[in-house]
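# my questions concern the predicted model and sequence given below.
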Amino acid sequence: MRGRRAARAPIWRLVPLSSEHFDVVVIGGGPAGYASALYGASAGLNVALIEKGKIGGTCLNVGCIPAKELLETATVFRTVQHADTFGVLAEAKGVDWSKTLARKQGIVDELVGGGIGFLLKNRHVTVYDGIGTLNADHRSVSIAGGASGELTVSGDAIVLAAGSDAPNDSWFPDRRTSDCHFRRAPVDPELPTSAIVIGGGAIGEVCEFASMMSDLGTKVTILEAAPSILFSATRMSSRSLNGR
């Protein structure tokens with residue numbers, strides 16, 4: 001129908017209880033997992049990809065890509081604030097955060113479904129929605145807990161690209177502190193008036209979200225045990241430049 005976009009079908013296909021064999025089985029649909037799956041499929045291999053969350057992993061869904069979009073919003077806001085220095089008569093009255101989040105989510109959805117999802121489908125990668133558990137034989141993977149149901153698949157090679165997760169709430173004596181988790185930063189319905197960011201390391205997105213919130217009016221404090229923020233990343237860059 002003109003003027004309306006058709007609903008995008010799920011990336012995964014529901015597979016009945018069975019034991020299918022593949023050349024390669026990849027556990028994890030993040031940057032390492034989907035890249036491995038696409039590379040194997042482009043070489044003519046029969047590939048399965050298992051992901052319980054969202055294809056694209058942390059980077060695409062709650063990290064790198066959302067951070068870049070939100071930083072662009074902060075850049076536009078900051079530019080309008082100082083537009084008079086360019087002789088432009090404009091006034092930054094504030095940010096419609098709900099519209100910012102809608103734009104961010106639209107970009108993410110398009111990259112997940114129209115980008116990675118399209119490539120996986122086009123290269124005939126079988127995508128299972130569920131948690132993949134490597135069995136003792138190191139040749140089979142049990143899948144459960146997702147839309148694909150409970151089944152077992154096997155492969156000549158198994159790629160483990162399960163990624164990592166953040167500390168649970170037991171790290172924080174006051175649960176309100178955990179609400180500042182970086183996974184929540186791109187989706188919270190409103191910006192906080194103040195925020196404490198624990199860690200300023202090489203993950204990058206942490207400092208990016210801190211910078212974005214600061215530009216938009218949030219009072220931000222970064223807590224870091226190293227001598228400076230992005231300490232490890234800075235040292236690695238220096239060694240690369242010095243050829244060490």
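Yep, it's here.

# where's Thr75 relative to Met212, distance?
9 Å (C-beta to C-beta, to the nearest Å). Just so you know, the C-beta spots here come from the backbone N, C-alpha and C atoms, and that holds for glycine as well.

# who has more neighbours, these two?
Higher neighbour count among Thr75 and Met212: Met212, with 27 against 12, using other C-beta atoms under 10 Å.

# and the residue nearest the centre of the chain?
Per C-alpha atoms, centre = their mean, the C-alpha nearest to the average position across the chain is that of Thr58, at 2.5 Å.

# surely that one is in a helix?
Yes - counting by DSSP: H, G, I helix; E, B strand; the rest coil, Thr58 is found in a helix.

# ok, it to Pro31 distance?
In terms of C-beta to C-beta, Thr58 sits 9 Å off from Pro31.

# pull the contacting residues for Ile131.
The neighbourhood of Ile131, defined by C-beta atoms under 8 Å, 6 or more residues apart in numbering, consists of 50, 52, 143-146.

# quick one: pLDDT of it?
Predicted confidence (pLDDT) for Ile131: 95.

# list phi and psi for it.
Per-residue torsions, Ile131: phi -100, psi 120 (degrees, to the nearest 10).

# for it, give the beta-bridge partners.
Ile131 has these beta-bridge partners by DSSP bridges: Ala144.

# and the residue nearest to the centre of the chain, how far from Gly146?
Taking C-beta to C-beta, one finds Thr58 at 18 Å from Gly146.

# go on, Lys121?
18 Å.

# repeat for Val125
16 Å.

# looking at the two, which is more packed in?
Taking neighbours as other C-beta under 10 Å, Val125 and Gly146 compare with Val125 leading, 22 against 18.

# for the lengthiest helix in the chain, which outside residues touch it?
If you go by DSSP state H, the chain has its longest helix at helix 64-81. Residues outside helix 64-81 that contact it (C-beta under 8 Å, 6+ apart) are 56, 59, 90-92, 95, 100, 103-104, 107-108, 111, 186, 204-205, 208-209, 211-212, 215-216.

# swap in 6 Å and give it another go.
Outside of helix 64-81, the residues within contact range by C-beta atoms under 6 Å, 6 or more residues apart in numbering are 90, 92, 95, 100, 104, 107-108, 186, 205, 208, 212, 215-216.

# need the next SSE after that helix, C-terminal direction.
helix 97-109 (DSSP states H and E).

# pull out the buried residues from that next one.
Of the residues in helix 97-109, 100-101, 104, 107-108 count as buried by neighbour count, 16 or more other C-beta atoms under 10 Å.

# now the angle from it to helix 64-81?
140 degrees (axes from the mean of the first three to the mean of the last three C-alpha atoms, to 10 degrees).

# against which helices or strands is helix 97-109 packed?
Packing partners of helix 97-109 (3 or more C-beta pairs under 6 Å, 6 or more residues apart in numbering; DSSP states H and E): helix 64-81.

# in the helix it packs on, which residues are buried?
For helix 64-81, burial by neighbour count (16+ other C-beta under 10 Å) applies to 64-67, 69-71, 73-74, 77.
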